[in-house]
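# next one to model:
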Amino acid sequence: MEFKVCPTCKKEYKTRKSIQKYCSYTCRNKNLDWKKNLKGKHNHLGDNNPKWRGGKSIGYQLRICRNILIKNNRDLTHCERCGVNGSLDILGKLNIHHKDRNRNNNINPNMEVICSSCHRFEHMKEWRDSYENIRR
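Below you'll find the model as predicted:
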């Protein structure tokens, strides 16, 4: 155990970790310099984040696709392949699958409402085929 002084609130605190710089997450978040000091694999801010979609979040993309499907009277409560019940939200069982694999091509015939299991199976076929081509 060692004692340090928090650079944000100037209070003394006990720490077990030698790398801990702030007394709490609140103080760390008030001092935004910690974001600038992130280096290498720990820098997942903005376009360094693997889920970055050019300023569009996954939730934004889902809302656009869902609105297009609703306008075309598509069923958003069942998988179009196996018929399982579910919900079409970020944590739901159902996903929107783009048949041509282009997430920006949000036209009605290109999108399919399928469950996570069918979606995983669909992409596993691609991975299996590409693996077979590498082995040959």
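# phi, psi of N95?
phi -130, psi 160 (degrees, to the nearest 10).
# look up how far L62 lies from it.
N95 is 9 Å from L62, where distance means C-beta to C-beta, to the nearest Å. Placement of C-beta: from N, CA and C, glycine included.
# of the two, who's got more company?
Neighbours were counted for N95 and for L62 using other C-beta atoms under 10 Å; N95 has more, 20 against 16.
# let me see the contact set for that one.
Contact analysis of N95 by C-beta atoms under 8 Å, 6 or more residues apart in numbering lists L88, V113, I114, C115, S116, H119.
# I believe the third one is in a helix; please confirm or correct that.
No. Secondary structure of I114, determined by DSSP: H, G, I helix; E, B strand; the rest coil: strand, with no helix assignment.
# helices or strands up against the helix or strand containing I64?
Taking DSSP states H and E as the definition, I64 sits inside helix 58-71. If you count contacts as 3 or more C-beta pairs under 8 Å, 6 or more residues apart in numbering; DSSP states H and E, helix 58-71 packs onto strand 94-98, strand 111-115.
# need the ones you listed in TSV (columns: distance to C6 and mean pLDDT).
Supplementary listing: these in TSV, determined by distance: least, C-beta to C-beta, whole Å; pLDDT from 0 to 100:
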stretch	distance to C6	mean pLDDT
strand 94-98	44	91
strand 111-115	48	93
